[in-house]
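Trainee: next come a sequence and a model predicted from it.
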Amino acid sequence: MLDIAALVAGFTVGYWGRLNLPVPGVIQPPDSLPEFFRYAPTIAINVAIIVVMLYFARQYHLPRIVSRIDQGRRLIGVVTVGALIGWPAQEFLFKYSIFEFEYTRGLFFYNWIFSCLFILITRELHSVLRNRLRAAHLVRDNLLLVGNGRIAKDIARKIMSDKRLGYNIVGVVVNGTEKTRNNVYGIPVIGTYQEIPSIIDACQVAQVIIALPEVRRAEMMDIVTRCQRGRVDIKIYPDLFAYMAGDLNVDDLAGTPLLTVRDIALRGWKLSLKRGLDVLGSGIGLVLLSPWLLMTALIMRLEGKGPIFYTQERMGLDGRPFHMIKFRTMRPDAEAAGPGWTVKDDPRVTKLGRWMRKTNWDELPQLINVFLGEMSLVGPRPERPVYVLEFRKEIPRYMERHREKSGMTGWAQVNGLRGDTSIPERTRYDLWYVENWSLWLDIKIIIRTVWQTVTRQSKNAY
């Protein structure tokens, strides 16, 4: 109903806009338009087509947490295609009837613009209301977690740290032969696999998450069978092969079929596309921001002695070192005793430097690195060689994140993994980015970075 109301409102405001909001040199005020009520059949057809397309595009089956950027792109795409279908449809249906009239391109443009705008607004309001109800524990689903390994603990941590998911974890069930009967990330173990049916009934469980990626298939089928009670929703964390084969391709080798479970996403013409985005973005950024960068340098000079810029050796593409440029945010003698990891409320950070770190302003000189080709706008954040040598010994596949250029921002950063946070977790996010790169993913990360910076929502920025 909200989408229908939003689309009707979009057409209504679009009709008003066509009469009162001309675009100079492009769209001039019309001499006249038919009365608004004559457009009622056209509105009905367009709304019906768009709502049906939203349904088939699964926009009425949203995940618990959905990216505003991804959702906005999908909604605009569906509304655009629906409007383009509705335009000739009404011409065909109403030809030679009492409803026939001219549906001009100008009116179509205004209706499309305001329909997209209103449906985005209503979806955002609905999302905000839903998240607040969940955070207030007014709308929550009871969830049962199966397993007590690393994956189960990671899932429990994410659910408990984000109230917008709307879950209430009633407990954890484990293998009956295991001795661990304490808790998983503070959640009590309340039974074994054999007790799943009675636990689901007693706790009124609405969803079960099975976090057993390495369990035998026969045992997995037994657990799933036990979970099939009433209208319980069952989700399974994929095993290793299913996870790798999520984007499965079949290749042919002289008549022999081969499954491609790992393919490098960023290669060939995609490298040129990404480099073009880097050159364009860094060039525009340096030109537009140059007055503010100069002002920052002057303020730093007034604050005290020391260099304006701080260059530090970092490890980038293929493990090659380069000098990353930043505004200096620490005292000149900050590393007199050797390199040290920056922590929250670090006493070495200057007053102006603290503000620059929170707003990511100190990172802007890295646009020079991007323009020169040493870095990219988006990619895994580069580390100092001394830390890379340490991390590569302790973290599996750590060096694979160096298959791509380092970035000013990245998938790990926009998900709060920066500063003094888990390096293994950060590495997993970086590897996911490397293996799933797309131009849209880069654009989405840039938008999220700008939004988090403007709204001061950058986690662990210190």
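Mentor: Alright, I've got the coordinates.
Trainee: contacts and neighbour counts: CA atoms only from here.
Mentor: Will do.
Trainee: starting at the chain centroid, how far to the lengthiest helix in the chain?
Mentor: The residue-count maximum for a helix in the chain (DSSP state H) belongs to helix 269-303. Relative to its parent chain, helix 269-303 has a centroid offset of 24 Å by C-alpha atoms, centre = their mean, to the nearest Å.
Trainee: ends of stretch 433-443, what's the gap?
Mentor: The first residue of stretch 433-443 is 13 Å away from its last residue (C-alpha to C-alpha, to the nearest Å).
Trainee: what mean pLDDT does it get?
Mentor: The average pLDDT for stretch 433-443 rounds to 86.
Trainee: can you pull the buried residues of that stretch?
Mentor: Buried residues in stretch 433-443, counting neighbours by 16 or more other C-alpha atoms under 10 Å, are found at Tyr433, Val434, Glu435, Trp437, Leu441, Asp442.
Trainee: would TSV of those residues with secondary structure and distance to Gly10 be doable?
Mentor: Output for these, formatted as TSV (DSSP: H, G, I helix; E, B strand; the rest coil; distance: C-alpha to C-alpha, whole Å):
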residue	secondary structure	distance to Gly10
Tyr433	helix	37
Val434	helix	40
Glu435	helix	40
Trp437	coil	35
Leu441	helix	29
Asp442	helix	31
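Trainee: out of those residues, flag the one nearest to Phe36.
Mentor: Leu441 (41.6 Å; C-alpha to C-alpha).
Trainee: run a quick neighbour tally on Glu102.
Mentor: Neighbours of Glu102 under the rule other C-alpha atoms under 10 Å: 10.
Trainee: kindly report the same for Phe327.
Mentor: When neighbours are counted by other C-alpha under 10 Å, Phe327 registers 23.
Trainee: who are the packing partners of the helix or strand hosting Pro424?
Mentor: Assigned by DSSP states H and E, Pro424 belongs to helix 423-435. Other elements packing on helix 423-435 under the criterion 3 or more C-alpha pairs under 8 Å, 6 or more residues apart in numbering; DSSP states H and E are helix 411-414.
Trainee: how far does the helix it packs on sit from its chain's centre?
Mentor: 9 Å.
Trainee: averaged pLDDT, it. What do you get?
Mentor: For helix 411-414, mean pLDDT is 89.
Trainee: how about residues contacting that helix?
Mentor: Outside helix 411-414, the residues that touch it by C-alpha atoms under 8 Å, 6 or more residues apart in numbering are 379-380, 418, 426-427, 429-430, 433, 445, 448-449, 452, 458.
Trainee: check these and tell me the two furthest apart.
Mentor: Greatest spacing in these, by C-alpha to C-alpha: Thr427 and Gln452 (21.2 Å).
Trainee: and the contacts of the helix or strand just after the longest helix of the chain?
Mentor: Downstream of helix 269-303, the next assigned helix or strand under DSSP H and E is strand 309-315. Applying C-alpha under 8 Å, 6+ apart, the contact partners of strand 309-315 are 321-328, 382-385, 388.
Trainee: try it again with 6 Å
Mentor: Pro321, Phe322, His323, Met324, Ile325, Lys326, Phe327, Arg328, Pro382, Glu383, Arg384, Pro385 (C-alpha atoms under 6 Å, 6 or more residues apart in numbering).
Trainee: can you give me how far it is from the chain middle?
Mentor: For strand 309-315 - counting by C-alpha atoms, centre = their mean - the centre lies 29 Å from the chain centre.
Trainee: the helix or strand just after that strand pairs with which strands?
Mentor: Counting by DSSP H and E, the element after strand 309-315 in chain order, helix or strand, is strand 321-327. Applying DSSP bridges to the sheet, strand 321-327 is found paired with strand 309-315 (antiparallel).
Trainee: please identify the buried residues of the partner strand?
Mentor: Phe309, Tyr310, Arg314, Met315.
Trainee: and the two most separated of those?
Mentor: Greatest spatial distance among the buried residues of strand 309-315 (C-alpha to C-alpha): Phe309 and Met315, at 18.8 Å.
Trainee: from the contacts of helix 411-414, list the buried ones, please.
Mentor: With neighbours counted by 16+ other C-alpha under 10 Å, the contacts of helix 411-414 contain buried members at 379-380, 418, 426-427, 429-430, 433, 445, 448-449, 452, 458.
Trainee: going by distance to Thr12, which of these wins?
Mentor: Ranked by distance to Thr12 (C-alpha to C-alpha), the buried ones among the contacts of helix 411-414 are led by Arg448 at 32.2 Å.
Trainee: per-residue confidence at that closest one?
Mentor: For Arg448, the model assigns a pLDDT of 90.
Trainee: quick one, domains of this structure?
Mentor: Using automatic domain parsing, the domain ranges for the chain come out as 2-135, 141-245, 269-454.
Trainee: wait, Ala152 sits on Ala211?
Mentor: Yes - contact criterion C-alpha atoms under 6 Å: Ala152 and Ala211 qualify, at 5.3 Å.
Trainee: residue nearest the centroid of the protein?
Mentor: Ser67 (5.2 Å; C-alpha atoms, centre = their mean).
Trainee: now do that residue against Arg226, distance only.
Mentor: 34 Å.
Trainee: again, but for Arg216
Mentor: 16 Å.
Trainee: the more surrounded of those two?
Mentor: Per other C-alpha under 10 Å, whichever of Arg216 and Arg226 has more neighbours is Arg226, with 16 against 10.
Trainee: leaving out sequence neighbours, find the closest residue to the more buried one.
Mentor: If you skip the residues right next to it in sequence, Arg226 has Pro197 as its closest partner in space, 5.8 Å away by C-alpha to C-alpha, 6 or more residues apart in numbering.
Trainee: confirm that neighbour sits in a strand?
Mentor: No - assignment of Pro197 by DSSP: H, G, I helix; E, B strand; the rest coil gives helix, placing it outside any strand.
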